[in-house]
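K.L.:
Kindly return the folded structure for what I paste below:
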Amino acid sequence: MTQPRLTVLAGPTAVGKGTVSTYIRDNYPEVWLSVSATTRPPRPGEVHGLHYFFVSTDEFDALVRDGELLEWAVVHGRNRYGTLRRTVQEAMDEGRTVLLEIDLQGARQVKESMPEANFVFLAPPTWDEMVRRLVGRGTETADEQRQRLETAKLELAAEPEFDHTVVNDSVEHAADELVSLMGLRPLQR
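P.N.:
Got it, this is the predicted structure:
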């Protein structure tokens, strides 16, 4: 049996990476979804160990120093996010189908160390829809929203770096297309 292929999902801020990943976690138990470590505080409803490993700056520094992260990045100039190398490798060793939902910087780092992975860019249906989603979730200040939208312009330009593009016009459709790219059968509705 060949080792499962790692799939990396990335895209601009507010495109719905977390929403699509949560849908996959809830509907495709055969997919192991990596849980990132982050220095940012939890948003309402987020659970430590399920959505993220919320760690202090010192704890994150130790993970970086000890080489325990497959990738990591400073996102939007504020908080750090990273993928624990050990948990990804353990899931792959167990024969699981692995999905990493990460930012563009992280995807580039994974591409350096694991170019055989499947890289999927999640794109918004339109710029206006992405802006509506960002503003609508109400988790950032107006200044943070402006900064994220400036970052999103740069992130959208990176689409050609990926193997595939999935347009997030609906969560179900995007998830179905993504799992198909992972070699799995989409849900029958």
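K.L.:
When you work out contacts or count neighbours from here on, use the C-alpha atoms and nothing else.
P.N.:
OK.
K.L.:
which is the next helix or strand following the longest helix along the chain?
P.N.:
Longest helix in the chain, counting residues (DSSP state H): helix 142-156. Where DSSP states H and E defines the elements, the next helix or strand beyond helix 142-156 is strand 164-167.
K.L.:
Now that next one: buried residues?
P.N.:
165-167 (16 or more other CA atoms under 10 Å).
K.L.:
Direction included, what does that strand pair up with?
P.N.:
Strand 164-167 pairs in its sheet with strand 118-123 (parallel), by DSSP bridges.
K.L.:
and whichever helix or strand comes after the strand it pairs with, what does it pack onto?
P.N.:
Remark: after strand 118-123, the chain's next helix or strand is helix 127-137, criterion DSSP H and E. Counting contacts by 3 or more CA pairs under 8 Å, 6 or more residues apart in numbering; DSSP states H and E, helix 127-137 is packed against helix 142-156.
K.L.:
relative orientation of the helix it packs on and helix 127-137 in degrees?
P.N.:
140 degrees (axes from the mean of the first three to the mean of the last three CA atoms, to 10 degrees).
K.L.:
Identify, from the buried residues of strand 164-167, the entry nearest to residue 179.
P.N.:
Closest approach to residue 179 among these (CA to CA): residue 166, at 10.7 Å.
K.L.:
Contacts only, for the nearest residue to residue 97 once chain neighbours are set aside.
P.N.:
Spatial nearest neighbour of residue 97, excluding adjacent residues (CA to CA, 6 or more residues apart in numbering): residue 31 at 5.0 Å. By CA atoms under 8 Å, 6 or more residues apart in numbering, the contact set of residue 31 is 24-25, 96-99.
K.L.:
and which of these is nearest to residue 37?
P.N.:
residue 99 (15.1 Å).
K.L.:
For the closest one, give me its contacts.
P.N.:
Counting by CA under 8 Å, 6+ apart, residue 99 has contacts 6-9, 31-34.
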